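Engineer: I would like to see how this sequence folds:
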Amino acid sequence: MVMLIILGIAAILIIWIISGYNGLITLKNQTLNGWKQIDVQLKRRHDLIPNLVETVKGVMKFEQDTLTKVIEARNRAVSAQGVAEKAAQENALTGTLRQLFALAENYPDLKSNTNVAKLQEELSSTENRIGFARQFYNDIATKFNTAQQTFPTNLIASTFGFKLLELFEITVSSEREVPKVDLGLK
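Structural biologist: Below is the predicted model:
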């Protein structure tokens with residue numbers, strides 16, 4: 001009888017360990033998928049930027065410094081490693097793109113150019129996709145991190161060497177500012 005109780009407890013313990021481990025592996029794989037989705041959208045963005053720069057280069061002859069900054073920021077973003085560095089470099093790239101779009105407003109030829117408008121639309125759409133992909137990644141990475149830190153799964157996580165994941169977060173204080181909206185009709 002005692003042997004059956006011991007075997008029952010051992011079986012429950014083994015099932016609990018397997019279940020906890022498999023749950024952590026599932027969350028880890030979902031975060032890897034989330035990261036790959038971000039990576040796909042960033043690649044799309046990185047591929048669109050040279051096309052945009054090439055399209056506006058002829059018209060924006062006096063803005064070569066800005067175009068160079070965009071390409072340099074893109075190259076730094078492409079070579080960035082890890083969530084924190086990738087986020088920082090992508091934020092810098094977003095800033096240079098905003099400068100480029102703001103300058104493009106000063107060129108009537110660019111504003112009316114359908115290729116430029118199409119590329120800006122594609123980049124804008126891609127920015128939205130990146131935002132959604134980052135949100136998904138942060139959500140699932142938070143679940144993974146929480147599972148690693150809560151009892152009793154934390155025992156399994158520490159035993160098998162699971163590591164907490166970094167999250168995407170706003171690191172540039174200017175991005176936290178509320179945008180100013182002017183709906184005044186002129």
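Engineer: Just give the number of residues close to Leu97.
Structural biologist: Leu97 has 22 neighbours, counted by other Cβ atoms under 10 Å. Using the backbone N, CA and C atoms, a C-beta is placed for each residue, glycine as well.
Engineer: try Gln149
Structural biologist: Each residue near Gln149 was counted by other Cβ under 10 Å, and the total is 12.
Engineer: same check, this time on Thr146
Structural biologist: As a burial measure, Thr146 scores 13 neighbours (other Cβ under 10 Å).
Engineer: Secondary structure element holding it?
Structural biologist: Taking DSSP states H and E as the definition, Thr146 sits inside helix 114-149.
Engineer: Tell me how far that helix lies from the chain's centre.
Structural biologist: Distance, stretch centre to chain centre, for helix 114-149: 5 Å (Cα atoms, centre = their mean, to the nearest Å).
Engineer: Please name every helix or strand in contact with the helix or strand that comes right after it.
Structural biologist: Of the helices and strands lying after helix 114-149 in sequence (DSSP H and E), the nearest is helix 153-159. Helix 153-159 sits against helix 2-57, helix 114-149, with contacts defined as 3 or more Cβ pairs under 8 Å, 6 or more residues apart in numbering; DSSP states H and E.
Engineer: Output the lowest mean pLDDT helix or strand found in this protein.
Structural biologist: The helix or strand of the chain with the poorest confidence is helix 108-112; it has a mean of 76 (mean pLDDT, DSSP states H and E).
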